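Q: Structure, please.
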Amino acid sequence: MSDEYNISENFDAINDLVKMTQQLGKQAVVAYKPIVDDICSRDASEKEVAWLLDYMLDFLGNDQMLEFFKQVCRKYLEKYPDEIHFHIMEYYKLYEPEKLVGTEYEHLLDEMNFDD
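A: Modelled structure (predicted):
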């Protein structure tokens, strides 16, 4: 009986965590929208773009945040191609690693090995 209780308790805890993560994503959308609007309306420095994309990576499980990320990447792709490419690869490593398998970028997945 204790195993059933632990499973149910763990499921409830995970479910609560998922709900909190979703809520945090919604709050991130509200907080990042004016920042994204601002940076896309002017000519920002590479450092500023990199900083923003770094912080956005944590929230890209939220569809609207992913759209913001893409908007910034599109705006600055020609101006800062290396920086944008780096952040796109970071996105793939974190959210869609299967898209890197079998490509020249598959080696990036080795960086995700947390066993060491």
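
Q: Run through the neighbouring helices and strands of the lowest-mean-pLDDT helix or strand in the chain.
A: The helix or strand of the chain with the poorest confidence is helix 2-40; it has a mean of 85 (mean pLDDT, DSSP states H and E). Applying 3 or more CB pairs under 8 Å, 6 or more residues apart in numbering; DSSP states H and E, we find helix 2-40 packed against helix 46-56, helix 63-76. To be clear about C-beta, it is placed using only N, CA and C from the backbone, and glycine gets the same treatment.

Q: Reformat the ones you listed into a markdown table and put distance to P34, mean pLDDT and mean neighbour count next to each item.
A: Listed next are those as a markdown table, based on distance: least, CB to CB, whole Å; pLDDT from 0 to 100; neighbours: other CB atoms under 10 Å:
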| stretch | distance to P34 | mean pLDDT | mean neighbour count |
| --- | --- | --- | --- |
| helix 46-56 | 12 | 97 | 16 |
| helix 63-76 | 11 | 97 | 17 |
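
Q: Could you point out which of these sits nearest N6?
A: Nearest of the helices and strands packed on helix 2-40 to N6, taken as CB to CB: helix 63-76 at 33.5 Å.

Q: buried stuff in the helix or strand following the closest one?
A: Helices and strands here follow DSSP states H and E; after helix 63-76, the next one along the chain is helix 81-95. The neighbour-count check on helix 81-95 (16 or more other CB atoms under 10 Å) flags 83-84, 87-88, 90-93 as buried.
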